[in-house]
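>>> Could you work out the structure for the sequence below:
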Amino acid sequence: MDDIYDAYGILEELELYTEAIERWDSNSIHQLPEYIKPCYQAVLYLHKEIEEMENTKRLYCVHHAKDEIQNYLVEAKWLHGKYVPTIEEHMDVARVTFVVPIFTIFSFVGMGEVANKEALDWVRQNPKIVRACSAIIRLMDDMASHNVQ
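Below is the predicted model:
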């Protein structure tokens with residue numbers, strides 16, 4: 001998903017994509033460009049499987065993951081507007097747009113009842129271990145891909 005936002009997407013199309021994910025409606029796919037549709041379908045499918053795996057008492061699990069989508073759009077707006085964020089701005093947004101927080105949330109979801117709402121809320125508060133892991137991996141990725149993007 002990161003590449004759609006920072007390498008391939010046109011800002012107007014990315015705004016549509018972000019709105020579609022926030023609405024969480026499979027009918028939204030009709031307004032998306034062809035190259036984004038497979039990603040949107042995959043996101044909906046993954047979350048549908050998680051929702052089916054979980055009972056209705058734990059639907060908050062999926063919502064924790066989809067709430068972070070706005071950060072991808074922030075990065076895309078910076079890129080398309082040729083805005084160079086400060087390192088603090090970049091890291092604040094990048095900590096979410098690199099996959100560590102999302103994978104952490106999905107890992108918790110797969111743990112069943114052990115990962116309750118409080119555990120997922122803890123991850124969303126950006127604890128030091130998630131911040132550190134995100135920073136290291138994101139900076140490594142940025143250094144490796146800066147010539148391409």
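>>> Which residue is the nearest non-sequential neighbour of the residue most central in space within the chain?
Centroid check for the chain by Cα atoms, centre = their mean gives residue 69 as the closest residue, at 4.7 Å. Excluding the flanking residues, the one nearest residue 69 by Cβ to Cβ, 6 or more residues apart in numbering is residue 21, at 4.9 Å. All C-beta spots, glycine's among them, are computed from the backbone N, C-alpha and C.
>>> same question, residue 15
Closest residue to residue 15 apart from its sequence neighbours, by Cβ to Cβ, 6+ apart: residue 73 at 6.7 Å.
>>> wait, the one you found sits on residue 13?
No. Residue 73 is not in contact with residue 13 according to Cβ atoms under 8 Å; the separation is 11.1 Å.
>>> Of these two, give the one with the bigger neighbour count.
Ranked by neighbour count (other Cβ atoms under 10 Å), residue 73 and residue 13 place residue 73 first, with 21 against 17.
>>> Now name the helix or strand holding the more buried one.
Using DSSP states H and E, residue 73 sits in helix 70-80.
>>> what's the distance between that helix and the middle of its chain?
How far helix 70-80 lies from its chain's middle: 12 Å, per Cα atoms, centre = their mean, to the nearest Å.
>>> List the residues that contact the residue nearest to residue 15.
Shown in contact with residue 73 (Cβ atoms under 8 Å, 6 or more residues apart in numbering): 5, 14, 15, 18.
>>> separation between residue 17 and residue 47?
Residue 17 sits 15 Å away from residue 47, taking Cβ to Cβ, to the nearest Å as the criterion.
>>> Much appreciated, bye for now.
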